[in-house]
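K.L.:
Show me how the following folds:
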Amino acid sequence: MIPYLLDTNLLIGHLSGNPQAVSFVGTHHRNSVVSFVTRIELLSLKGMSHAEEQTIRSMLDGLRLLLIDDAIIEKAAEIG
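P.N.:
Modelled structure (predicted):
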């Protein structure tokens with residue numbers, strides 16, 4: 001099965017307790033990935049406390065990281 005690519009907005013919704021986001025992430029987290037861009041965006045959020053950062057890191061540690069390679073870049077260029 002093709003994994004889901006979880007984006008920054010969905011994960012912020014999940015962290016904020018949005019019921020739809022919590023449900024989606026809870027259901028699909030085992031078959032999901034996050035991009036390096038999402039990881040950067042979440043870890044660079046301004047004004048977060050140490051506890052919030054640890055929560056984000058813990059969540060991200062439980063998700064597979066999608067790394068970019070030339071094949072992905074070429075496919076994105078074809079689609080875009």
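K.L.:
Give the buried residues for the longest helix seen in the chain.
P.N.:
Longest helix of the chain, by residue count under DSSP state H: helix 50-61. For helix 50-61, burial by neighbour count (16 or more other C-beta atoms under 10 Å) applies to 56, 59-60. (Each C-beta comes from the backbone N, C-alpha and C, glycine too.)
K.L.:
what comes into contact with whichever helix or strand comes after it?
P.N.:
Remark: after helix 50-61, the chain's next helix or strand is strand 64-66, criterion DSSP states H and E. Residues outside strand 64-66 that contact it (C-beta atoms under 8 Å, 6 or more residues apart in numbering) are 3, 5, 32-36, 39, 72.
K.L.:
do that again at 6 Å, thanks
P.N.:
If you take C-beta atoms under 6 Å, 6 or more residues apart in numbering as the criterion, strand 64-66 is touched by 33, 35.
K.L.:
So what are the sheet partners of it and their directions?
P.N.:
Strand 64-66 sits in its sheet next to strand 32-35 (parallel), going by DSSP bridges.
K.L.:
Which of the residues in the partner strand are classified as buried?
P.N.:
Buried residues in strand 32-35, defined by neighbour count with 16+ other C-beta under 10 Å: 32, 34-35.
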